[in-house]
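# here is a sequence with its predicted model. Questions after.
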Amino acid sequence: MLDKDAAEAKLKALEAHMLDKDTAEAKLKALEARILDKDTAEAKLKALEARMLDKDTAEAKLKAMEACILDKLDTAEAKLKALEARMLDTAELKLKTLEAHMLEKATAEAKLVVQTDTLFAYMERRTTLLLQMLKERVDKLDVGADKHKVMFTATGGDIKKDDKLVFDVVHTNVGNAYNSSTGIFTAPYKGVYFFTLTCDINYGMIELHVFKSSELMMKFYDNTEQKGHSGTNSWMLRLDKEDKVYVKPVLNQNLQRHDKHSVFSGFLVEPM
């Protein structure tokens, strides 16, 4: 009986020991599970740290991108402001130039108006003065029309002892300025006179000199191989009162008198 009880006791002890062993194995398994859970937790932690690291990197990249965008935006704003300033300066300069041009144009137009008014006023005064002078001159001409009439025509053509050519046949002598005895025309008034001389040439060459008082004014030449040839010359002279006009032949051996062909004439064109 004692042996049976002892055996039972040992069996119980063994069972208890086996139970403790199972408990220990359970605890070991639990510990292993806990260790496994710890590794899993560490892996998860590392993964989380990696994700956080990736997040920090992403945030850094994002911040860098934001900084780059801000820099570009600031640069673009600076360029835009510079462009606006340039455009504003250019616009202001063009506006000032346009204003100056318009002011110059307005000034020029004002000056033109003043000059035009001045010119019109001057022309009006000038016209009035000229009309007045013309009226006075017409009045004088009307009053003294007969007084200033001077004209003559004479023919002949004799050479006198003082070598003057004298046309002694007078056809017209208004104003009695031509002397048919001396062949001298004496200007009764200061003015411009017109003269014509025609001479009959027998044959060959002649030379005639025209004098104003004692001053030689011009020379006339003619040369012909035909008999009975006539040469004509005309001229204008400005004479003072009492100036004398006459003709002297130089080569005269071929000059012949003719009461119809040799003519000396003149008249007053404009008194002064």
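Arrived safely, thanks for sending. Numbering: from 1, shown residues only.
# now whichever strand or helix holds Asp39: average pLDDT?
Assigned by DSSP states H and E, Asp39 falls within helix 2-143. Mean pLDDT, computed over helix 2-143, is 77.
# who does the longest strand along the chain pair up with?
When the chain is parsed with DSSP state E, its longest strand is strand 258-271. Partners of strand 258-271 in the sheet, by DSSP bridges, are strand 151-156 (antiparallel), strand 191-201 (antiparallel).
# would you turn those strands into CSV with mean neighbour count, mean pLDDT and distance to Lys111?
Yep, even glycine has a C-beta here, placed from its N, CA and C like the rest. Listed next are the strands paired with strand 258-271 as CSV, based on neighbours: other C-beta atoms under 10 Å; pLDDT from 0 to 100; distance: least, C-beta to C-beta, whole Å:
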stretch, mean neighbour count, mean pLDDT, distance to Lys111
strand 151-156, 20, 88, 54
strand 191-201, 19, 86, 43
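# let me know which of the ones you listed is the nearest to Ile184.
Checking these against Ile184 by C-beta to C-beta gives strand 151-156 as the closest, at 11.3 Å.
# quick one: the closest one to chain centroid distance?
62 Å (C-alpha atoms, centre = their mean, to the nearest Å).
# what does that strand contact?
166-175, 177-178, 180, 185, 257-268 (C-beta atoms under 8 Å, 6 or more residues apart in numbering).
# which among those residues count as buried?
For those, a neighbour count by 16 or more other C-beta atoms under 10 Å gives the buried set as 166-169, 173, 175, 177-178, 185, 257-258, 261-268.
# what does Ala177 show for phi and psi?
phi -90, psi -20 (degrees, to the nearest 10).
# let me know the pLDDT of it.
95.
# list the residues that contact it.
Here Ala177 is in contact with Val150, Phe152, Phe185, Thr186, Ala187, Pro188 (C-beta under 8 Å, 6+ apart).
# how close does it sit to Asp168?
Distance, Ala177 to Asp168, by C-beta to C-beta, to the nearest Å: 16 Å.
# Ala187 too?
In terms of C-beta to C-beta, Ala187 sits 20 Å off from Asp168.
# burial measure for Leu239, as a count.
For Leu239, the neighbour count with other C-beta atoms under 10 Å is 22.
# typo on my end, it should be Leu36
Neighbours of Leu36 (other C-beta under 10 Å): 10.
# contacting residues for it?
Leu36 touches nothing, counting by C-beta under 8 Å, 6+ apart.
# ok, it to Lys46 distance?
15 Å.
# before we move on, back to that, what's the closest of the contacts of Ala177 to Asp74?
Closest to Asp74, out of all of the contacts of Ala177 and judged by C-beta to C-beta, is Ala187, at 102.7 Å.
# not counting sequence-adjacent ones, nearest residue to the closest one?
Leu239 (4.0 Å; C-beta to C-beta, 6 or more residues apart in numbering).
# that neighbour bridge partners, please.
Beta-bridge partners, per DSSP bridges, of Leu239: Gly191.
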